[in-house]
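S.K.: Got a predicted model here, sequence first, then my questions.
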Amino acid sequence: MSWTDERVEVLKTMWGEGKSASQIAKELGGVTRNAVIGKVHRLGLSNRATTSTKASVKEKPAASAAKKAEPAAKPAPKAAAAKPAPAAARAAAENVRPIPARKAIVPAGQPLPPQPSANEISPEALARVSEVEKKSKKISLMELTERTCKWPVGDPATDDFWFCGLPSETGKPYCEAHVGVAFQPMSSRRDRRR
């Protein structure tokens, strides 16, 4: 199936009328709902205005009385309705909050700005881990059991990679020193973020 000019016009018209992608796909025939959604996005029609029932309920009585006093306006011709208004104009007309701008992207080769780390480990815990790793059994993956510490040390892509291998704590996968690093109390993690 190809998108001919006639099929695109039918799509635009039905989309402007508020028809769903499923209804449009059924009307066009030989096209799926997802194909209709994709074409709508490629055409830039995805931000159609929706009517809100909440806005009409919250309308002030004076405004509704003023609307009743005005003569009924003629409906706009279909040719004018086919071309959608720019997204910014629609958002302003509908009193929609604008999407905030994204953070600036740091160019390649430039250092990243300093950011607070939520994963900081106390120096005492690091000292304990380095002492334990000196005493560890340095076992391979095939030597791990339920009772051995499974803390990985080194780069798995090198021959210097090994696991701690010391007796693990009950119900935990690591030895006492590695549990102290891996499982930190919730309150200390919260304090570091502040």
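M.R.: Done, it's in. Numbering: from 1, shown residues only.
S.K.: Show me the shaky parts of the protein.
M.R.: Applying pLDDT under 70 to the chain flags residues 1, 46-107, 109-121, 184-194.
S.K.: Outline the domain layout of it.
M.R.: 1-49+82-97, 123-193 (automatic domain parsing).
S.K.: a markdown table please, covering those domains and showing mean neighbour count.
M.R.: The way it works is simple: take the backbone N, C-alpha and C, and place the C-beta from them, glycine included. Formatted as a markdown table, the domains of the chain follow (neighbours: other C-beta atoms under 10 Å):
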| stretch | mean neighbour count |
| --- | --- |
| domain 1-49+82-97 | 14 |
| domain 123-193 | 14 |
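S.K.: Let's have the ones you listed in CSV, adding distance to A108.
M.R.: Formatted as CSV, the domains of the chain follow (distance: least, C-beta to C-beta, whole Å):
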stretch, distance to A108
domain 1-49+82-97, 30
domain 123-193, 25
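S.K.: how about the helices of the protein, start to end?
M.R.: Here the chain has its helices, by DSSP state H, at 5-16, 21-28, 33-43, 53-57, 61-69, 78-82, 87-93, 123-135, 176-182, 186-193.
S.K.: Can you tell me how far R42 is from E133?
M.R.: 56 Å (C-beta to C-beta, to the nearest Å).
S.K.: cool, and G44?
M.R.: 58 Å.
S.K.: ok, now W15?
M.R.: 63 Å.
S.K.: now swap in S122 and tell me
M.R.: S122 sits 17 Å away from E133, going by C-beta to C-beta.
S.K.: go on, L11?
M.R.: When L11 is compared with E133 (using C-beta to C-beta), they lie 64 Å apart.
S.K.: One more: V179?
M.R.: 14 Å.
S.K.: Name all residues that make contact with V36.
M.R.: 11, 21, 24-25, 28 (C-beta atoms under 8 Å, 6 or more residues apart in numbering).
S.K.: For the residue lying closest to it once chain neighbours are set aside, give me its contacts.
M.R.: Nearest residue to V36 in three dimensions, chain neighbours excluded: A21, at 4.3 Å (C-beta to C-beta, 6 or more residues apart in numbering). Going by C-beta under 8 Å, 6+ apart, A21 touches 33-34, 36-37, 40.
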